[in-house]
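Here is my input, please return the structure:
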Amino acid sequence: MIKKAGDFPIFYLGVIVFGLVWTLFAFAIHAALTNNTLGADFATFWVGSRAALLEGQSPYSAEVTALSQQIIYQRPASPAEDQLAFAYPLPAVFLLLPVVWMSLDWAQAFWLALNILLLLSALFFLFPKTPGYIRFSYFLFYPVFFGLVLGNFAILISILILVFLQSLFLNPSKATLKAQIIAGVCLSFCIIKPQFAWAYLGLAVLLVLRNRLWPFFSTLVCTSAVLLGAAFLLVPDWPLQWVTRVNEYAAYVKGQPALSILLTHVLPQSLIPGAALLISLAVISISIFLIVCWWKGRLNALLLIAWAGFITYLIHPHGISYEQITFILPFLLWVFNKPAFKKTPAYLWFAAILLSWILFFLTFFKISLIAVNEFPFLFYITWMMVIFINSFTNGRRPVDSLKISI
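The predicted structure follows:
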């Protein structure tokens, strides 16, 4: 029982301060936007969430899609345009609970402020030994900046994945009960963006099986069950509606996996299916080998995370730059976890930031597919190959060691 002000838990004080800063920041953003709609993604999420949570409608209905089009286009979308339809699993609507009751202009201001503050908080608490200017510079990556502007779920999901990876996966032997519960809750929300988080969810399963972190597993399963159960109460047949919507989305967006796009640059069309099959088999074989090495304590956990980022983006149907965050996360962990911040990671970090903007500006010269999607991924592949070669050349290291150098 709390009897005096000095005993007031720091946690509650932090929540109050966070709430005040969030509110003030949101008011400042709202004033700066002057009622302009910032991102089409967030408007779509907001319309769908209001339909499900406040109006008793399915967010996958034609009426909700038409409303999204009217807000963004001020007219119905043509068949060749993005239909702006809600294409996420229904539990996604619960992420917007803090802002769904607001008007769009206020909701987007509070949502942007929340994403920025949560990202700052995660970088501050997860990496206390990393220089502040390095942590702040993460916002300078073009995919991160673009994702924030659009209001896409990718930013928030990346924060939740980062909490799991840094607080639990990299150091499972030191995981406290509190850390396991927090990581379980965070990762459970990643079911709303399966194409973005599937490999990291796979790492969670492996971690539970290897280290028997049952509090983490129980929290993950129970929170996911609550989210899914609540979604069924809102729209009982939402999985069928969602699958239908995903198929429609794939048709009008025409997204292709990175593997297919990369192969189109180097091979004739007739050879691409065979090459894709061979590469896929190789990736599966390497994945099994790396998992076995990690399981036996012969592979650094960070290397397995780097591989997870690689395979996620390799098969991710994409075309939007914020999807690159799937492989920026492992790179961030490598840079931010250096025992002493060395020059090489710093140079590579800022080179990657600069590259992201150079390639963005190259899109104005009509080479957007190569510039925005493939070059950053090739940069990542090169980095990943170097740290793998370095690790195996210098001898196998235990899973909890983060001392991987170039």
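
Going by secondary structure, the residue lying closest to S218 once chain neighbours are set aside is in what exactly?
Nearest residue to S218, sequence neighbours excluded (CB to CB, 6 or more residues apart in numbering): G184, at 7.2 Å. Glycine gets a C-beta too; all of them are placed from N, C-alpha and C. Secondary structure from DSSP states H and E places G184 in helix 177-188.

Next, the buried residues of that helix.
Using 16 or more other CB atoms under 10 Å as the test for burial, helix 177-188 gives A179, Q180, I181, I182, A183, G184, V185, C186, L187, S188.

now do stretch 190-198
C190, I191, I192, K193, F196, A197, W198.

how about low-confidence regions in the stretch 151-300 of the chain?
253-255 (pLDDT under 70).

And the strands in the stretch 201-350 of the chain?
Counting by DSSP state E, counting those that start in this stretch, one finds strands in the stretch 201-350 of the chain at the ranges 256-257, 317-318.

Select, out of those strands, the one closest to D41.
For these, the distance to D41 is smallest for strand 317-318, at 14.3 Å, taking CB to CB.

rewinding a little: would you tell me which one of the strands of the stretch 201-350 of the chain is buried the most?
The densest packing among the strands of the stretch 201-350 of the chain, expressed as mean neighbour count by mean count of other CB atoms under 10 Å, is seen in strand 317-318 with a mean of 19.

tell me the mean pLDDT for that strand?
On average, the pLDDT along strand 317-318 is 72.

From Y249, how far off is A87?
Separation of A87 from Y249 (CB to CB, to the nearest Å): 4 Å.

residue contacts, V246?
For V246, the contact set (CB atoms under 8 Å, 6 or more residues apart in numbering) comprises A87.

likewise H30?
Contacts for H30 (CB under 8 Å, 6+ apart) come out as D105, W106, A109.

Any buried residues in the helix or strand where F377 lies, and which?
Using DSSP H and E, F377 sits in helix 375-393. Neighbour counts over helix 375-393 (16+ other CB under 10 Å) mark F375, P376, F377, F379, Y380, W383, M384, I387, F388, S391 as buried.

Nearest to Q269 among those residues?
Nearest to Q269, judged by CB to CB, of the buried residues of helix 375-393 is F377 at 20.9 Å.

Check the spacing between that closest one and L355 real quick.
Relative to L355, F377 is positioned 11 Å away (CB to CB).
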